[in-house]
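1. 3D model of this:
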Amino acid sequence: MTDDIRRKVLRICTERGLAGAANNTKWDKLVSAIRNMDEWRPSYRCKVIDGGISSWDTEWFYHLPFPLIYIEWLDIGMHQETNIGRLAKPKVTDHSEWIIPLIENTGFEYQVSGDIMRVFAYLPKNLEDFPPSA
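-> Got it, this is the predicted structure:
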């Protein structure tokens with residue numbers, strides 16, 4: 001990461017009153033754990049500190065907004081839908097049993113609503129476009 005990027009992020013944080021809640025170690029643990037999953041990787045979307053909200057994606061190798069210092073929050077989908085036939089409803093697998101402990105052990109601030117987890121990289125928590133709790 002260049003000094004220009006650091007200065008830009010610091011300026012935006014100062015202007016918006018944001019405090020960092022993530023670091024490279026936390027991001028490395030999270031991204032590495034998900035990249036190492038063999039059969040399924042959760043969908044995600046994010047908001048960058050100086051921009052908008054991304055579309056949902058499942059590609060964890062090249063589509064993340066690098067450097068990760070730009071991420072304000074990251075939503076993670078915790079349910080997997082598997083089609084089992086044209087007329088049958090998809091099978092839903094809940095992966096929260098490993099995603100939540102992963103986030104807790106990494107030390108991120110987070111919040112869950114339904115099948116979505118929001119990981120906060122900056123505080124105060126931004127709940128923009130976050131689904132309301134049931």
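
2. could I get the buried residue list for whichever helix in the chain runs longest?
-> Determined from DSSP state H, the single longest helix within the chain is helix 3-16. Applying a neighbour-count criterion of 16 or more other CB atoms under 10 Å, the buried positions in helix 3-16 are Val9, Ile12, Cys13. Quick note: C-beta positions are derived from backbone N, CA and C, even for glycine.

3. cool, stretch 76-90 as well?
-> Of the residues in stretch 76-90, Ile76, Gly77, Met78, Gln80 count as buried by neighbour count, 16+ other CB under 10 Å.

4. how close does the residue of the chain positioned farthest from its centre get to His95?
-> Relative to the centre of the chain, and counting by CA atoms, centre = their mean, the farthest-placed residue is Leu87 at 32.7 Å. Taking CB to CB, to the nearest Å as the measure, Leu87 falls 26 Å from His95.

5. same check, this time on Arg35
-> With distances defined as CB to CB, the gap from Arg35 to His95 amounts to 15 Å.

6. show me which of these two is the more surrounded one.
-> Between Arg35 and His95, counted using other CB atoms under 10 Å, His95 has the larger neighbour count: 18 against 10.

7. the helix or strand containing Ile34: what's the following helix or strand?
-> Assigning secondary structure by DSSP states H and E places Ile34 in helix 24-35. Proceeding C-terminally, helix 24-35 gives way to strand 44-48 as the next helix or strand, assigned by DSSP H and E.

8. for that next one, packing partners?
-> strand 71-77 (3 or more CB pairs under 8 Å, 6 or more residues apart in numbering; DSSP states H and E).
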